[in-house]
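[1] sequence unavailable; structure follows:
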């Protein structure tokens, strides 16, 4: 059996269309090769494949959300504690009260963000919470430049260098979002220094820009390395999971193949013999009836000789499919070999087993088989018996059923023998 119009005028595309087409081609190439699908951007430290990036974020969102929640809480407490330095610097004044009001507002905003990422962890990895909160906090920080004396402004600029590194390293945010926040911090610091320190010169601003660029570059390199490492660990984990799934599927297929006849899908001798042993033991302990049906296709050699072995294989497969349609849950269906099949029917008396056998016989006899355009029919002889007290094992039952089949063949075939 056989197993399984002529081109029209060319149109000139615009540069935008060509770029879009090239981008689509690049994206197709990235998804075609498994190695390319896991490529990581060198400056964003994110997977180029959006689906993989989304899988990664879902994988780490809970751990990132827990860390982000702790960061927001610590950030809120420290932001509030600096109110003591405000009192030392400004004393009881309208400026102090305004600064305290801003600190209190940001305190509750930060606590609210901690609660938000706890309830919706996906927000922690998208940057939609951390980025605006960081921008808001830095804007409030810039306000200190306009109310502080010159000697304090220099300290504020120095603190900005530390803050820049922290924005990349300590705050759980996307690298691309951190780049935007740090750029805003660097430009904002330079503008605030230029507006609030009278002796500022263009050269001093250039030096300040260089001083701010060093921690920005250092923080970016550290953030890229950290995020890239985490994504490579995720890639290794995905590959390990796929390998485990493949091995499990392979083991499952091998187990099925070890217990299944490859042509008909019926249980092989190892499988049905083990099932018969269990059912015989259960039937004797519980006192339940256990019946057996042996089926043999009539004149099967003639089918092979007349129509070919492919037709014979097709007849076996169709017969097996028909048998499975009749059997019930818990019944065992096996192939003894050649054109012979065995049915083990737990909790089934001789009368019920005979009814099942007759149904099988009629279903096979009424079926029209087709192979290479040739139509032919097949009949079957069946033997029905039950477990007896003297049956030591399955072989004793099979010998009795086999003798009954010979009697059925001698009596004209296409019949059910019961004993």
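    Arrived safely. These figures come from a predicted structure and were not determined experimentally.
[2] how about the strands in the stretch 201-350 of the chain?
    For the stretch 201-350 of the chain, applying DSSP state E, counting those that start in this stretch gives strands covering 290-297, 332-337, 340-346.
[3] could you dump the ones you listed to TSV with mean neighbour count, distance to residue 419 and mean pLDDT?
    Quick note: C-beta positions are derived from backbone N, CA and C, even for glycine. Shown next, in TSV, are the strands of the stretch 201-350 of the chain (neighbours: other CB atoms under 10 Å; distance: least, CB to CB, whole Å; pLDDT from 0 to 100):
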stretch	mean neighbour count	distance to residue 419	mean pLDDT
strand 290-297	24	11	95
strand 332-337	20	18	92
strand 340-346	23	15	94
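[4] any idea which of these gets closest to residue 230?
    Residue 230 lies closest, by CB to CB, to one member of those: strand 332-337, at 51.7 Å.
[5] still on that earlier bit, so which of the strands of the stretch 201-350 of the chain is nearest residue 377?
    The nearest among these, by CB to CB, is strand 290-297 at 11.0 Å.
[6] follow-up on the earlier one: so which of the strands of the stretch 201-350 of the chain gets nearest residue 231?
    strand 332-337 (50.5 Å).
[7] now the closest one against strand 290-297, angle please.
    For strand 332-337 against strand 290-297, the angle by axes from the mean of the first three to the mean of the last three CA atoms, to 10 degrees is 40 degrees.
[8] redo the strands of the stretch 201-350 of the chain as TSV? Include distance to residue 356.
    Listed next are the strands of the stretch 201-350 of the chain as TSV, based on distance: least, CB to CB, whole Å:
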stretch	distance to residue 356
strand 290-297	7
strand 332-337	11
strand 340-346	7
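[9] and these: which comes nearest residue 396?
    That would be strand 290-297 among the strands of the stretch 201-350 of the chain, by CB to CB, at 10.6 Å.
[10] just the helices in the stretch 251-400 of the chain please.
    With DSSP state H, counting those that start in this stretch applied, the stretch 251-400 of the chain shows helices at 269-286, 300-307, 309-326, 350-365, 394-410, listed in chain order.
[11] next, the buried residues of the shortest one.
    Residues of helix 300-307 classed as buried by neighbour count (16 or more other CB atoms under 10 Å): 300, 303, 304, 307.
[12] what's the answer for the last one, then?
    Neighbour-count burial for helix 394-410, counted by 16+ other CB under 10 Å, picks out 394, 397, 398, 400, 401, 404, 405, 408, 409.
[13] dump the residue contacts of the fifth one.
    It refers to residue 401. Neighbour list for residue 401: 292, 293, 294, 383, 385 [criterion: CB atoms under 8 Å, 6 or more residues apart in numbering].
[14] residue 324: which of those is nearest?
    Of the contacts of residue 401, the one sitting nearest to residue 324 (CB to CB) turns out to be residue 293, at 13.6 Å.
[15] okay if I get the buried residues of helix 300-307 as CSV plus distance to residue 46 and pLDDT?
    Shown next, in CSV, are the buried residues of helix 300-307 (distance: CB to CB, whole Å; pLDDT from 0 to 100):
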residue, distance to residue 46, pLDDT
300, 64, 91
303, 64, 89
304, 63, 88
307, 63, 87
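[16] in CSV: those residues, plus distance to residue 48.
    Below are the buried residues of helix 300-307 laid out as CSV (distance: CB to CB, whole Å):
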residue, distance to residue 48
300, 60
303, 60
304, 58
307, 58
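[17] and which of those is nearest residue 236?
    Using CB to CB, those come closest to residue 236 at residue 304, 54.3 Å.
[18] excluding sequence neighbours, find me the nearest residue to that closest one.
    Closest residue to residue 304 apart from its sequence neighbours, by CB to CB, 6 or more residues apart in numbering: residue 312 at 4.2 Å.
[19] one step back: okay, the buried residues of helix 394-410 in JSON lines with pLDDT and distance to residue 219 next?
    Shown next, in JSON lines, are the buried residues of helix 394-410 (pLDDT from 0 to 100; distance: CB to CB, whole Å):
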{"residue": "394", "pLDDT": "91", "distance to residue 219": "75"}
{"residue": "397", "pLDDT": "93", "distance to residue 219": "80"}
{"residue": "398", "pLDDT": "93", "distance to residue 219": "79"}
{"residue": "400", "pLDDT": "93", "distance to residue 219": "85"}
{"residue": "401", "pLDDT": "93", "distance to residue 219": "82"}
{"residue": "404", "pLDDT": "94", "distance to residue 219": "87"}
{"residue": "405", "pLDDT": "93", "distance to residue 219": "84"}
{"residue": "408", "pLDDT": "92", "distance to residue 219": "88"}
{"residue": "409", "pLDDT": "91", "distance to residue 219": "89"}
